[in-house]
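K.L.:
predicted model and sequence follow; I will ask about them next.
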Amino acid sequence: MNIEHILFYVMGFIAVASALVVAASKNLVRSLFMFFVTLFALAGLYVFALADFVAITQIVIYVGGVLVLMLFAFMLSGKEVLNNLQQRNSRFISLSKVPAILVALLFAIVLYNAITKAQPNDLPWIKASAQSGNVIKPADNTINNIGVNLMTRYLLPFEAVSVLLMMTLIGAAHLARKEEHKII
């Protein structure tokens, strides 16, 4: 076992363990911090999968944007809401959680079957891709190609998404204001 395998398993363990802490923790601050750790561990796994652009996007969009908005929503929420969330039912298994447990078990069964029965090296499209030499190598630079396409071919959708995100940010800032809103 080489250092790459060890790092992969460490990142995978950190991602799974921190995700379990996020789901099981009753403390919202601890859950948000562990969600931060989970997102960074997933970005590390994307790097191992040679998806460097997805890893950078994971950090910039999810860690830099979504998680910060979640922190602001937590800080701006009222004390009554936070107290109600912390005083919820403390039992791990209850009647209200049965549908979620059933969906989780179904997902675990599907995942187990996909891992044990799938033979990724025997898929025809993977064999054809490997024979034609159409594979991503660690030395390939995919970020340059994505950057050129974003700034030339896909410039209009890229700008439309940025305007949509800016409108969302303005709407969130307007809703978070503490002063009374007057209806005209």
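P.N.:
Perfect, thanks for sending it.

K.L.:
tell me the helices and strands packed up against the host helix or strand of Arg30.
P.N.:
Take DSSP states H and E as the rule and Arg30 turns out to sit in helix 28-48. Contact partners of helix 28-48 among helices and strands, from 3 or more Cβ pairs under 8 Å, 6 or more residues apart in numbering; DSSP states H and E: helix 3-24, helix 52-57, helix 67-76, helix 79-86. Every residue, glycine included, has its C-beta placed from N, CA and C.

K.L.:
out of those, which gets nearest to Leu111?
P.N.:
Closest to Leu111 of the helices and strands packed on helix 28-48, according to Cβ to Cβ: helix 3-24, at 12.2 Å.

K.L.:
so what secondary structure elements neighbour the closest one?
P.N.:
For helix 3-24, the packing partners by 3+ Cβ pairs under 8 Å, 6+ apart are helix 28-48.

K.L.:
which residues sit against the helix it packs on?
P.N.:
4, 7-8, 11-12, 14-15, 18-19, 21-22, 25, 52, 54-56, 58-59, 62-63, 67, 70-71, 74, 82, 85-86 (Cβ atoms under 8 Å, 6 or more residues apart in numbering).

K.L.:
buried set for it?
P.N.:
By neighbour count on 16 or more other Cβ atoms under 10 Å, the buried set for helix 28-48 is 31-47.

K.L.:
that one versus helix 67-76: what angle between them?
P.N.:
Interaxial angle, helix 28-48 versus helix 67-76 (axes from the mean of the first three to the mean of the last three Cα atoms, to 10 degrees): 180 degrees.
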